[in-house]
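*Asks:* here is a sequence together with a model predicted from it:
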Amino acid sequence: MCVFQSTINYFPEEVLEHVFDFLSSHRDRNAVSLVCKSWCRVERFSREKVFVGNCYAVSPERLLSTFPRVRSLTLKGKPHFADFNLVPPDWGGYLHPWIDAMVKARANLEELRLKRMVLSDDTLDLLAHSFPSFKSLVLVSCEGFTTDGLAAIAANCRSLRELDLQENEVEDRRGQWLSCFPDSCTSLVSLNFACLKGEVNLAALERLVARCPNLRSLRLNHAVPLDALQRILAQAPHLVDLGTGSFVHDPDSETYHKLKNAIQNCTSIRSLSGFLEVASRCLPSIYPLCSSLTSLNLSYAPGIYSNELVNLIRHCKKLERLWILDTIGDKGLGVVASTCKELQELRVFPFDPHGVGYTAVTEEGLVAVSAGCPKLNSILYFCQQMTNAALITVAKNCPNFIRFRLCTLNPTVPDAVTQLPLDEGFGAIVQSCKGLKRLSVSGLLTDQVFLYIGMYAEQLEMLSIAFAGESDKGMLYVLNGCKKLKKLEIRDSPFGDVALLADMGKYETMRSLWMSSCEVTLEACKKLAMKIPRLNVEIINENEQMEASTDDKQKVEKMYLYRTLVGPRKDAPAFVWTL
Amino acid sequence: MASGSLDGSGGGGGGVSGDGSTTGSMSTVSKEDNLVLLSSEVSSSSYPDESELELGLGLSLGCGGGAAALKSSKPGSWGVHGGRILTVQDFPPCVVSNASSSSSSSSPTKPNNASCGTKRSADSFSPPRSGVSSQVVGWPPVRTYRMNSLVNQTKLPTSEDCNSTIVKSKSKSIVLDKIDGNMSRNKNAKPKVFPKNTLFVKVNMDGVPIGRKVDLNAHNSYEDLAQTLDDMFCRTSTTVSARISYTEENGGMREATESLRLLNGSPEFVLTYEDRDGDWMLVGDVPWEMFISSVKRLRIMRRSEANGLGFQEQNERQRSKPIWT
């Protein structure tokens, strides 16, 4: 009950609404709506941005009736491990029902941000034709559409400001989707098509850039050559974020010379990425940009060798975010440590994930960066090896980690020096980093690391486990200890029924749980599904034998469970069995 | 002694010539290379080794051909099971790169197999070498899109038959594709051939266990290329240990070795390449464009090796150091 009922009742709703306007985070708004009924009502009707972390947790219709004024929708579909091929195609995550529902409800959709969803060209077409104020489309790791769908968006969304495609699988139809932006389209602020594989109409692109004076973010694909880049930059010196396409040219040519001049005029660029193809000799042209860069993503630029990487980074004293390949090496990371004192986020990706024919980074690089970059709070680090000592040092150097994701290329590699499990190292991390929200562990790990995690990781919301632990105790430590846990994903670890069933109510406080190649049996899954009706317990069964078999004792290969308000989904494919 | 004919020539995976010679060379290899070839322990029979096809096709004249052209004697597959060829070293100084990249195709789709595959391999993971990671579906956890992007930056052979196989072979999901039959659905199955300008080929240098990759299309002449290789290998020829101390001054990372002067009659080394036919040739004889169109990989060879002796694989292996503690 609301304590302030008497006071609040005299508070005009418009004022409340105005106050709530200042709350940008959906969590804050969620909290506000729990205070009392009138606050809830005001909040509901004034909420414009809705975040749905699992598209199957709620139905589109219900969402629209709860938040009738929604203008911006964020949706996430497939489970995270789908990124790594652990979820078969056609599992789900379809956008269409959402667009359908919004059309029927005459929602005034302006922004759509999707992650790991499946959408077809038809869906994009419907979207493009149904929402006259549509401004922003951001697609991350989505699939199912082609450049024809993009053409529909380009042609029909008159107020389009943002089209941001990140790491999607888009079939290229060799159409001229870029040419479909009408001449009247002058509102673009952000255009990112770096993930597209095919050619683009360069002339159309250049004209588009020329007529969009508000363009601040432009990320090109590999098909845009350096000479086109030069012309584009000449037209758009106000860019703040640039992703180059192909960066190959003769450094003695006039084109290159013009490029250098154009770049010098681009004094606003703070974020740089791309170099999908690159000739190292052309890199000096971007040195003038480096001193003001706050974000640099060279993780798709294997063509830049480590000494050039280092030369580049030496100029980047203001970097806050750096994404690179592990070809940089430990020494290169040492240069990062000594140069990038403002660094907050570092991601080091493996150049050759399955190869071992080169020197990847080791614990030394990580230690160096932790020592040199006091503001470091987010790391994703793929490395050849790790040690407890290094992790303990890192924990001491950087108590501010919010995200700590470590991936040893060999998932069960022990401490490289002592050959012991890496329990103590990760233990130090969780103990020191009191604000840690996301953690991925790897390397040789026993139940002990989970004891530490359960004990210390009080703010942890997402935990990824692979090839770790020894018994149910490990998982139990986590479930009992991490009060704020929202997403737990586990693969190839010996956690079974006892752990799964120990606290069934816990899963209603979480968004989802993924367990694959663990020791969980069908029987336990069925028990859980029966006990907690507001969970969907999905068994993903690729060899289609499971339903036929009556053996409840058999181990479940892949289980994905999530809380939901709407019961089993109707679009599940044959290989998904909702218990 | 390493036989010269053991490469997985022939597309079908059954192309290894002679089991007899296989076992012979297998013992030779494993003894000398148990550190570098750690992936072999895990790449046991249950893992079809798709990139065997790649290597074989790379070396032979398209699918199914030219075993005779194999000059670089493989230590050979150490174990052939039912026509599936296991990892092959084809780079004398650096065996593991191919070995593990070759085992990128991971366990078959069947959940049972996948689970026992990965669980079993968990035991075998104790060797610190990361080659084993390639046996596992979804590890390392790199987004598929990113994996595909990196893959596509590798040169594809010109033979049409081999194209899609080669591209697919690097995708670790390829086994899934084939067994599922869902080729059209699984996004990883689409051969991502884009007519593009990166041309990464592997480069190995005798005496250096770790190879590199270089984008030939980022160079426009032999001099250019030689300069890059110089930069790469002068620095890195002894830099394999993870325990090197670095300082800010050393950021330039120059080790104290002199330039290789690869094209200018370096006394010790000579730059060679393997062409489409599988022959090892001296770099520099043909026009650059012709070179680009036929080169498959590079090797910085000791002059002593280059005098028509063929590649003595054992000698190379003895020189390669164990690099993981």
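*Replies:* Looks like it arrived, so ask away.

*Asks:* quick one: pLDDT of the nearest residue to residue A:444 once chain neighbours are set aside?
*Replies:* Distances taken as CB to CB, 6 or more residues apart in numbering or on different chains put residue A:414 closest to residue A:444, at 4.0 Å, once the chain neighbours are dropped. No exception for glycine: its C-beta is placed from N, CA and C like everyone else's. Looking at residue A:414, its pLDDT reads 95.

*Asks:* give me phi/psi at residue A:414?
*Replies:* As for residue A:414, its main-chain torsions (degrees, to the nearest 10) stand at phi -80, psi -180.

*Asks:* separation between it and residue A:386?
*Replies:* 9 Å (CB to CB, to the nearest Å).

*Asks:* those two: who's more crowded?
*Replies:* More neighbours surround residue A:386 than the other of residue A:414 and residue A:386, with 27 against 22 (other CB atoms under 10 Å in any protein chain shown).

*Asks:* so the more buried one belongs to a helix, correct?
*Replies:* No: the assignment for residue A:386 (DSSP: H, G, I helix; E, B strand; the rest coil) gives coil, which keeps it out of a helix.

*Asks:* just give the nearest non-adjacent residue to it, would you?
*Replies:* For residue A:386, ignoring the flanking residues on the chain, the nearest one in space by CB to CB, 6+ apart is residue A:363 at 4.8 Å.

*Asks:* which residues of the stretch 1-150 of chain A lie near chain B?
*Replies:* Within the stretch 1-150 of chain A, the residues that sit near chain B (CB under 8 Å from any CB of the partner chain) are A:81, A:83, A:84, A:85, A:86, A:88, A:89, A:90, A:141, A:143.

*Asks:* what's the neighbour count on the last one?
*Replies:* Neighbourhood size, residue A:143 [other CB under 10 Å]: 21.

*Asks:* give me phi/psi at the residue lying closest to it once chain neighbours are set aside?
*Replies:* Once flanking residues are discounted, residue A:143 sits nearest to residue A:169: 4.3 Å by CB to CB, 6+ apart. When read as degrees, to the nearest 10, the backbone of residue A:169 gives phi -100, psi 100.

*Asks:* residue A:169 contacts residue B:145, correct?
*Replies:* Yes: look at residue A:169 against residue B:145 with CB atoms under 8 Å: they come within range, at 6.5 Å.

*Asks:* phi, psi of residue A:576?
*Replies:* phi -110, psi 120.

*Asks:* returning to what we had before: out of the residues of the stretch 1-150 of chain A next to chain B, who's nearest residue A:264?
*Replies:* Checking those against residue A:264 by CB to CB gives residue A:141 as the nearest, at 35.7 Å.

*Asks:* ok, the closest residue in space to that closest one that isn't next to it in sequence - contacts?
*Replies:* Leaving aside its sequence neighbours, residue A:141 sits nearest to residue A:116 (CB to CB, 6+ apart; 4.9 Å). Applying CB atoms under 8 Å, 6 or more residues apart in numbering or on different chains, we find residue A:116 in contact with A:76, A:77, A:78, A:79, A:80, A:82, A:83, A:93, A:140, A:141, A:142.

*Asks:* the spatially closest residue to residue A:119 that is not a sequence neighbour - how many residues pack around it?
*Replies:* Closest residue to residue A:119 apart from its sequence neighbours, by CB to CB, 6+ apart: residue A:95 at 4.0 Å. Applying other CB under 10 Å, we find 25 residues neighbouring residue A:95.

*Asks:* so residue A:95 makes contact with residue A:117?
*Replies:* Yes: counting by CB under 8 Å, residue A:117 is a contact partner of residue A:95 at 5.1 Å.

*Asks:* so where is the chain shaky, pLDDT-wise?
*Replies:* Reading this off chain A. For chain A, the stretches flagged by pLDDT under 70 are A:1-10, A:355-359, A:544-550.

*Asks:* can you look at chain B instead?
*Replies:* B:1-135, B:152-198, B:234-267, B:307-325.

*Asks:* 90 instead, please
*Replies:* Counting by pLDDT under 90, chain B shows low-confidence ranges at B:1-139, B:144, B:147-272, B:274-297, B:299-325.

*Asks:* who's in contact with residue A:184?
*Replies:* Residues in contact with residue A:184 (CB under 8 Å, 6+ apart) are residue A:158.

*Asks:* cool, thanks, signing off.
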